[in-house]
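Colleague: fold the following and give me the result.
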Amino acid sequence: MRPFLTRPKKLLAIKLRPLGETVIFSAALDALKNSYPDTQIHVAVTTEWAPLLIHHPAISRIWPVDRHEDKFARARAIARAAFKLRNENFDAALNFHASPSSATLAFATGAKVRSIHFHSAQDKNRYSTVDIPDRGLIKSVLEKDLDVIRALGLSIPVGKYRPFVSLKPSEMDEGFRLISSLGLRRPVMIIGLGATRPTKCWPENYFAELATRWRDEVGSVLLITGPSESERAAAVFKLIENNDRISHLHDPSIRLLSAVFSQASVFVGNDSGVKHVAAASGLPTVTLFGPEDPVEWHVYPRDNHPYFYIENLNCRRDNLPHYPAWCSIQECIQEKHRCMKEILPQSVYNSCKKVMK
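Modeller: All right, here's what the predicted structure looks like:
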(Lines give C-alpha, C1' and ligand atoms only; values in the text may rest on other atoms or scores of the structure.)
Protein backbone atom coordinates (compact mmCIF):
# COMPACT_ATOMS: atom_id res chain seq x y z
CA MET A 1 0.00 0.00 0.00
CA ARG A 2 1.30 3.45 -0.89
CA PRO A 3 1.42 5.96 1.99
CA PHE A 4 -1.23 8.70 1.94
CA LEU A 5 1.44 11.20 2.93
CA THR A 6 4.87 11.21 1.34
CA ARG A 7 6.68 14.23 2.80
CA PRO A 8 4.42 15.98 5.31
CA LYS A 9 5.84 19.10 6.91
CA LYS A 10 3.70 19.09 10.03
CA LEU A 11 1.48 16.50 11.75
CA LEU A 12 -0.85 16.73 14.73
CA ALA A 13 -1.20 13.73 17.06
CA ILE A 14 -4.18 13.85 19.46
CA LYS A 15 -4.85 11.73 22.53
CA LEU A 16 -7.03 13.32 25.20
CA ARG A 17 -7.05 10.39 27.58
CA PRO A 18 -6.13 9.48 31.20
CA LEU A 19 -2.66 8.88 32.63
CA GLY A 20 -2.03 5.29 31.53
CA GLU A 21 -3.10 5.85 27.95
CA THR A 22 -0.96 8.99 27.72
CA VAL A 23 2.06 6.91 28.75
CA ILE A 24 1.25 4.26 26.13
CA PHE A 25 0.88 7.04 23.54
CA SER A 26 4.64 7.70 23.81
CA ALA A 27 5.34 4.50 21.86
CA ALA A 28 3.16 5.56 18.93
CA LEU A 29 4.88 8.95 18.78
CA ASP A 30 8.21 7.14 18.49
CA ALA A 31 6.83 5.07 15.60
CA LEU A 32 5.40 8.16 13.91
CA LYS A 33 8.74 9.97 14.06
CA ASN A 34 10.57 6.95 12.65
CA SER A 35 8.09 6.91 9.77
CA TYR A 36 8.48 10.66 9.11
CA PRO A 37 11.91 11.65 10.49
CA ASP A 38 11.92 15.12 8.88
CA THR A 39 8.38 16.07 9.93
CA GLN A 40 7.36 18.36 12.77
CA ILE A 41 5.10 16.43 15.14
CA HIS A 42 2.78 18.46 17.36
CA VAL A 43 0.88 16.72 20.15
CA ALA A 44 -2.46 17.60 21.78
CA VAL A 45 -2.87 15.84 25.14
CA THR A 46 -4.72 16.28 28.42
CA THR A 47 -3.21 19.20 30.35
CA GLU A 48 -2.72 17.20 33.55
CA TRP A 49 -0.55 14.58 31.84
CA ALA A 50 1.28 16.75 29.30
CA PRO A 51 4.46 16.85 31.47
CA LEU A 52 4.91 13.12 30.81
CA LEU A 53 5.86 13.90 27.21
CA ILE A 54 8.39 16.66 27.93
CA HIS A 55 11.76 15.83 26.30
CA HIS A 56 10.18 13.12 24.10
CA PRO A 57 12.51 13.12 21.06
CA ALA A 58 9.66 12.89 18.55
CA ILE A 59 7.75 15.97 19.69
CA SER A 60 8.18 19.46 18.25
CA ARG A 61 5.45 21.07 20.37
CA ILE A 62 2.93 20.06 23.03
CA TRP A 63 -0.56 21.58 23.06
CA PRO A 64 -2.23 20.95 26.46
CA VAL A 65 -6.03 20.63 26.32
CA ASP A 66 -8.15 20.80 29.48
CA ARG A 67 -10.49 17.85 30.11
CA HIS A 68 -13.82 18.69 31.75
CA GLU A 69 -16.61 16.45 33.00
CA ASP A 70 -19.18 19.16 32.25
CA LYS A 71 -20.08 18.89 28.55
CA PHE A 72 -20.38 22.66 28.03
CA ALA A 73 -16.98 23.34 29.60
CA ARG A 74 -15.56 20.51 27.50
CA ALA A 75 -17.01 21.99 24.32
CA ARG A 76 -15.52 25.39 25.13
CA ALA A 77 -12.07 23.88 25.74
CA ILE A 78 -12.23 22.01 22.43
CA ALA A 79 -13.29 25.17 20.61
CA ARG A 80 -10.40 27.15 22.10
CA ALA A 81 -7.91 24.45 21.13
CA ALA A 82 -9.34 24.17 17.61
CA PHE A 83 -9.05 27.92 17.07
CA LYS A 84 -5.33 27.81 17.92
CA LEU A 85 -4.53 24.59 16.06
CA ARG A 86 -6.26 25.60 12.83
CA ASN A 87 -3.62 28.30 12.30
CA GLU A 88 -0.86 25.67 12.24
CA ASN A 89 -1.89 24.28 8.81
CA PHE A 90 -1.29 20.62 9.61
CA ASP A 91 -0.91 18.17 6.72
CA ALA A 92 -2.72 15.52 8.76
CA ALA A 93 -4.41 15.06 12.13
CA LEU A 94 -4.16 11.69 13.86
CA ASN A 95 -6.54 10.95 16.73
CA PHE A 96 -5.43 7.84 18.59
CA HIS A 97 -8.49 7.25 20.80
CA ALA A 98 -11.35 9.44 19.72
CA SER A 99 -14.32 10.71 21.62
CA PRO A 100 -16.94 12.78 19.77
CA SER A 101 -15.31 15.97 21.10
CA SER A 102 -11.73 15.03 20.18
CA ALA A 103 -12.89 13.81 16.75
CA THR A 104 -14.46 17.24 16.27
CA LEU A 105 -11.13 18.80 17.26
CA ALA A 106 -9.30 16.77 14.59
CA PHE A 107 -11.86 17.86 11.99
CA ALA A 108 -11.75 21.50 13.07
CA THR A 109 -7.98 21.73 12.50
CA GLY A 110 -8.71 21.81 8.77
CA ALA A 111 -6.24 18.99 8.04
CA LYS A 112 -7.22 17.31 4.77
CA VAL A 113 -5.96 13.89 5.90
CA ARG A 114 -7.46 12.63 9.16
CA SER A 115 -6.88 9.26 10.81
CA ILE A 116 -9.43 9.05 13.65
CA HIS A 117 -9.77 5.87 15.70
CA PHE A 118 -12.97 5.02 17.53
CA HIS A 119 -11.94 1.74 19.11
CA SER A 120 -15.39 0.17 19.10
CA ALA A 121 -16.65 -1.32 15.83
CA GLN A 122 -20.10 0.04 16.77
CA ASP A 123 -18.96 3.68 16.64
CA LYS A 124 -19.41 5.66 13.45
CA ASN A 125 -16.35 6.70 11.46
CA ARG A 126 -16.65 10.36 12.44
CA TYR A 127 -14.57 12.67 10.22
CA SER A 128 -11.82 10.13 9.40
CA THR A 129 -10.64 10.26 5.78
CA VAL A 130 -8.91 6.86 6.04
CA ASP A 131 -10.01 3.42 7.19
CA ILE A 132 -8.54 2.21 10.47
CA PRO A 133 -7.34 -1.41 10.09
CA ASP A 134 -8.71 -4.06 12.48
CA ARG A 135 -11.12 -1.67 14.15
CA GLY A 136 -13.11 -3.54 16.80
CA LEU A 137 -10.70 -6.49 17.05
CA ILE A 138 -9.23 -7.54 20.39
CA LYS A 139 -5.70 -6.20 20.71
CA SER A 140 -3.65 -4.11 23.11
CA VAL A 141 -4.18 -0.37 23.34
CA LEU A 142 -0.62 0.11 22.10
CA GLU A 143 -1.35 -1.80 18.90
CA LYS A 144 -4.58 0.15 18.46
CA ASP A 145 -2.52 3.34 18.65
CA LEU A 146 -0.19 2.01 15.98
CA ASP A 147 -3.19 1.18 13.77
CA VAL A 148 -3.81 4.94 13.50
CA ILE A 149 -0.42 5.24 11.81
CA ARG A 150 -0.88 2.06 9.77
CA ALA A 151 -4.08 3.61 8.38
CA LEU A 152 -1.87 6.09 6.51
CA GLY A 153 -0.48 3.20 4.46
CA LEU A 154 2.61 2.71 6.62
CA SER A 155 4.03 -0.61 7.79
CA ILE A 156 4.56 -0.64 11.56
CA PRO A 157 5.87 -3.95 12.99
CA VAL A 158 4.02 -5.53 15.90
CA GLY A 159 6.00 -5.50 19.14
CA LYS A 160 8.73 -3.10 18.05
CA TYR A 161 7.74 -0.02 20.07
CA ARG A 162 7.40 0.38 23.84
CA PRO A 163 6.20 3.27 26.02
CA PHE A 164 8.88 5.39 27.65
CA VAL A 165 9.34 8.56 29.69
CA SER A 166 12.36 10.57 28.59
CA LEU A 167 14.18 11.73 31.73
CA LYS A 168 17.15 14.08 31.92
CA PRO A 169 20.13 13.02 34.11
CA SER A 170 19.32 15.87 36.52
CA GLU A 171 15.82 14.46 37.00
CA MET A 172 17.17 10.98 37.68
CA ASP A 173 19.56 12.51 40.24
CA GLU A 174 16.56 14.13 41.92
CA GLY A 175 14.89 10.73 42.20
CA PHE A 176 18.06 9.26 43.70
CA ARG A 177 18.29 12.05 46.25
CA LEU A 178 14.64 11.66 47.29
CA ILE A 179 15.02 7.93 47.91
CA SER A 180 18.21 8.58 49.90
CA SER A 181 16.55 11.34 51.96
CA LEU A 182 13.86 8.88 53.07
CA GLY A 183 16.52 6.57 54.48
CA LEU A 184 15.54 3.68 52.22
CA ARG A 185 18.07 0.86 51.89
CA ARG A 186 18.37 -0.67 48.43
CA PRO A 187 16.93 -2.64 46.74
CA VAL A 188 13.77 -0.56 46.95
CA MET A 189 10.33 -1.99 46.21
CA ILE A 190 7.74 0.61 45.21
CA ILE A 191 4.10 -0.25 45.90
CA GLY A 192 1.30 1.51 44.03
CA LEU A 193 -1.74 1.36 46.30
CA GLY A 194 -4.33 3.13 44.14
CA ALA A 195 -6.61 2.40 41.22
CA THR A 196 -9.63 4.00 39.57
CA ARG A 197 -12.10 2.06 41.75
CA PRO A 198 -12.03 -0.10 44.90
CA THR A 199 -12.62 -3.42 43.16
CA LYS A 200 -9.36 -2.98 41.21
CA CYS A 201 -7.36 -2.77 44.47
CA TRP A 202 -5.50 -5.65 46.10
CA PRO A 203 -6.41 -6.02 49.81
CA GLU A 204 -4.52 -3.71 52.19
CA ASN A 205 -3.51 -6.58 54.48
CA TYR A 206 -1.90 -8.33 51.48
CA PHE A 207 0.12 -5.18 50.69
CA ALA A 208 1.15 -4.97 54.35
CA GLU A 209 2.29 -8.59 54.37
CA LEU A 210 4.27 -8.09 51.14
CA ALA A 211 5.90 -4.88 52.38
CA THR A 212 6.87 -6.42 55.71
CA ARG A 213 8.50 -9.45 54.15
CA TRP A 214 10.41 -7.39 51.57
CA ARG A 215 11.68 -5.07 54.33
CA ASP A 216 12.70 -7.98 56.57
CA GLU A 217 14.36 -10.11 53.89
CA VAL A 218 15.45 -7.86 50.99
CA GLY A 219 15.57 -4.06 51.34
CA SER A 220 13.15 -1.17 51.75
CA VAL A 221 9.65 -0.22 50.63
CA LEU A 222 8.12 3.02 49.34
CA LEU A 223 4.33 3.33 49.19
CA ILE A 224 2.93 5.60 46.45
CA THR A 225 -0.49 7.24 46.64
CA GLY A 226 -2.35 9.75 44.49
CA PRO A 227 -4.46 12.79 45.44
CA SER A 228 -7.35 10.93 47.12
CA GLU A 229 -5.54 7.77 48.26
CA SER A 230 -3.66 8.74 51.44
CA GLU A 231 -6.11 6.78 53.60
CA ARG A 232 -5.01 3.57 51.88
CA ALA A 233 -1.42 4.19 52.95
CA ALA A 234 -2.56 4.88 56.52
CA ALA A 235 -4.48 1.59 56.53
CA VAL A 236 -1.42 -0.34 55.33
CA PHE A 237 0.86 1.29 57.91
CA LYS A 238 -1.63 0.39 60.64
CA LEU A 239 -1.21 -3.28 59.73
CA ILE A 240 2.61 -3.18 59.90
CA GLU A 241 4.08 -3.68 63.37
CA ASN A 242 7.32 -1.76 62.70
CA ASN A 243 7.48 0.90 59.97
CA ASP A 244 11.28 1.01 59.83
CA ARG A 245 12.50 1.30 56.18
CA ILE A 246 8.92 1.57 54.91
CA SER A 247 8.09 5.08 53.73
CA HIS A 248 5.32 6.91 51.90
CA LEU A 249 5.31 9.37 48.98
CA HIS A 250 1.98 11.11 48.48
CA ASP A 251 0.91 12.79 45.24
CA PRO A 252 4.30 13.67 43.72
CA SER A 253 4.53 15.49 40.40
CA ILE A 254 4.38 13.06 37.51
CA ARG A 255 7.98 13.67 36.44
CA LEU A 256 9.31 13.30 39.99
CA LEU A 257 7.37 10.05 40.22
CA SER A 258 9.05 8.80 37.05
CA ALA A 259 12.45 9.89 38.37
CA VAL A 260 11.91 7.95 41.61
CA PHE A 261 10.85 4.89 39.62
CA SER A 262 14.05 5.09 37.58
CA GLN A 263 16.07 4.60 40.79
CA ALA A 264 14.10 1.71 42.34
CA SER A 265 14.34 -2.07 41.87
CA VAL A 266 10.75 -3.25 41.33
CA PHE A 267 7.20 -1.90 41.25
CA VAL A 268 4.18 -3.86 42.37
CA GLY A 269 0.65 -2.53 42.24
CA ASN A 270 -2.87 -2.58 40.91
CA ASP A 271 -3.82 -2.10 37.28
CA SER A 272 -3.50 1.69 37.16
CA GLY A 273 -1.90 4.59 35.32
CA VAL A 274 0.93 4.67 37.86
CA LYS A 275 1.93 1.14 36.82
CA HIS A 276 2.40 2.40 33.23
CA VAL A 277 4.61 5.25 34.44
CA ALA A 278 6.74 2.71 36.32
CA ALA A 279 7.19 0.45 33.30
CA ALA A 280 7.89 3.39 30.99
CA SER A 281 10.56 4.61 33.44
CA GLY A 282 12.52 1.37 33.02
CA LEU A 283 11.35 -0.30 36.24
CA PRO A 284 10.34 -4.00 36.29
CA THR A 285 6.70 -4.29 37.32
CA VAL A 286 4.37 -6.88 38.82
CA THR A 287 0.72 -6.00 38.15
CA LEU A 288 -2.35 -7.26 40.02
CA PHE A 289 -5.36 -7.51 37.71
CA GLY A 290 -8.80 -8.23 39.12
CA PRO A 291 -12.06 -7.22 37.43
CA GLU A 292 -10.58 -6.55 33.98
CA ASP A 293 -8.72 -8.80 31.56
CA PRO A 294 -5.10 -7.74 30.86
CA VAL A 295 -5.46 -8.26 27.09
CA GLU A 296 -5.89 -4.54 26.34
CA TRP A 297 -3.97 -2.90 29.12
CA HIS A 298 -0.82 -4.95 29.64
CA VAL A 299 1.37 -3.83 26.74
CA TYR A 300 4.73 -4.99 28.16
CA PRO A 301 6.78 -8.20 27.78
CA ARG A 302 5.95 -10.57 30.61
CA ASP A 303 9.54 -11.60 31.33
CA ASN A 304 10.23 -8.22 32.99
CA HIS A 305 6.59 -7.28 33.61
CA PRO A 306 4.64 -10.31 34.84
CA TYR A 307 1.06 -10.01 36.05
CA PHE A 308 -1.43 -11.95 38.11
CA TYR A 309 -4.98 -12.57 36.91
CA ILE A 310 -7.49 -15.19 38.06
CA GLU A 311 -8.98 -16.65 34.88
CA ASN A 312 -12.54 -17.76 34.12
CA LEU A 313 -14.46 -16.23 37.01
CA ASN A 314 -18.20 -16.36 36.32
CA CYS A 315 -18.75 -13.14 38.26
CA ARG A 316 -17.24 -11.11 35.38
CA ARG A 317 -20.52 -10.58 33.54
CA ASP A 318 -20.09 -7.27 31.73
CA ASN A 319 -19.21 -7.66 28.09
CA LEU A 320 -18.74 -5.88 24.78
CA PRO A 321 -19.05 -7.71 21.46
CA HIS A 322 -15.90 -9.77 20.76
CA TYR A 323 -14.25 -8.70 24.04
CA PRO A 324 -13.50 -10.74 27.17
CA ALA A 325 -15.92 -10.48 30.07
CA TRP A 326 -15.12 -8.00 32.83
CA CYS A 327 -16.69 -6.55 35.95
CA SER A 328 -17.66 -2.90 36.41
CA ILE A 329 -18.97 -2.88 40.00
CA GLN A 330 -17.52 -0.51 42.60
CA GLU A 331 -17.87 -2.84 45.61
CA CYS A 332 -17.85 -6.63 45.59
CA ILE A 333 -20.08 -8.17 48.25
CA GLN A 334 -21.54 -11.34 46.75
CA GLU A 335 -18.24 -12.80 45.50
CA LYS A 336 -16.17 -11.30 48.37
CA HIS A 337 -13.65 -9.75 45.94
CA ARG A 338 -12.19 -13.14 45.07
CA CYS A 339 -10.64 -11.88 41.80
CA MET A 340 -8.06 -10.05 43.96
CA LYS A 341 -8.08 -12.07 47.18
CA GLU A 342 -7.06 -15.25 45.36
CA ILE A 343 -3.80 -13.54 44.32
CA LEU A 344 -1.64 -14.44 47.32
CA PRO A 345 1.24 -12.37 48.76
CA GLN A 346 3.69 -15.29 48.66
CA SER A 347 3.31 -15.64 44.88
CA VAL A 348 3.63 -11.88 44.35
CA TYR A 349 6.74 -11.74 46.56
CA ASN A 350 8.41 -14.52 44.57
CA SER A 351 7.63 -12.77 41.30
CA CYS A 352 9.06 -9.46 42.57
CA LYS A 353 12.32 -11.13 43.60
CA LYS A 354 12.59 -12.78 40.22
CA VAL A 355 12.29 -9.60 38.13
CA MET A 356 13.88 -6.97 40.41
CA LYS A 357 16.83 -5.01 39.05
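
Colleague: mind checking pLDDT for the residue lying closest to A195 once chain neighbours are set aside?
Modeller: Nearest residue to A195, sequence neighbours excluded (C-beta to C-beta, 6 or more residues apart in numbering): N270, at 4.0 Å. In this view, the C-beta of every residue, glycine as well, is placed from N, C-alpha and C. Taken from the predicted model, the pLDDT recorded for N270 is 98.

Colleague: so N270 is in contact with I191, correct?
Modeller: No: contact criterion C-beta atoms under 8 Å: N270 and I191 do not qualify, at 9.7 Å.

Colleague: quick one: which of these two has more around it?
Modeller: I191 (25 against 22; other C-beta atoms under 10 Å).

Colleague: who does the more buried one form a beta bridge with?
Modeller: Beta bridges link I191 to L223, V268, judged by DSSP bridges.

Colleague: got it, and L94?
Modeller: A13, S115.

Colleague: distance-wise, check it relative to F164.
Modeller: In this structure, L94 lies at 19 Å from F164, with C-beta to C-beta, to the nearest Å as the measure.

Colleague: between these two, which one's more packed in?
Modeller: Shown here are L94 and F164; by other C-beta under 10 Å, L94 has more neighbours (29 against 18).

Colleague: surely the more buried one meets I14?
Modeller: Yes: if you go by C-beta under 8 Å, L94 and I14 touch, sitting 6.7 Å apart.

Colleague: so what's L223 up against?
Modeller: 190-191, 193, 207, 211, 233, 236-237, 246-249 (C-beta atoms under 8 Å, 6 or more residues apart in numbering).

Colleague: again, only this time at 7 Å
Modeller: In this structure, L223 makes contact with 191, 193, 233, 236, 248, judged by C-beta atoms under 7 Å, 6 or more residues apart in numbering.

Colleague: and D91, how far is that from F4?
Modeller: Taken as C-beta to C-beta, the span from D91 to F4 is 10 Å.

Colleague: next one: Y206
Modeller: Distance from Y206 to F4, by C-beta to C-beta: 50 Å.

Colleague: ok, now H276?
Modeller: Separation of H276 from F4 (C-beta to C-beta): 30 Å.

Colleague: higher neighbour count, these two?
Modeller: Taking other C-beta under 10 Å, H276 and F4 do not tie; H276 has more neighbours (28 against 17).

Colleague: which helix or strand lies directly C-terminal to the helix or strand that one falls within?
Modeller: In this structure, H276 sits in helix 273-280 according to DSSP states H and E. Sequence-wise, the next helix or strand downstream of helix 273-280 (DSSP H and E) is strand 285-288.

Colleague: contacts for that next one?
Modeller: 202, 266-271, 275, 278-279, 298, 305-308, 340, 343, 348, 351-352, 355.

Colleague: for PyMOL, what selects the buried ones among the residues you listed?
Modeller: The buried residues among the contacts of strand 285-288 can be selected in PyMOL (16 or more other C-beta atoms under 10 Å) with this line:
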select buried, resi 202+266+267+268+269+270+271+275+278+279+298+305+306+307+308+340+343+348+351+352+355
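
Colleague: that older thread, as TSV, the contacts of L223 with pLDDT and distance to A81 would be great.
Modeller: Listed next are the contacts of L223 as TSV, based on pLDDT from 0 to 100; distance: C-beta to C-beta, whole Å:
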residue	pLDDT	distance to A81
I191	98	37
L193	98	34
A233	96	36
V236	97	40
H248	98	37
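
Colleague: buried residues in the lowest-mean-pLDDT helix or strand in the chain?
Modeller: When the helices and strands of the chain are compared on mean pLDDT, DSSP states H and E, helix 71-86 comes out lowest with a mean of 93. Under the neighbour-count criterion of 16+ other C-beta under 10 Å, helix 71-86 has 74, 77-78, 81-82, 85 buried.
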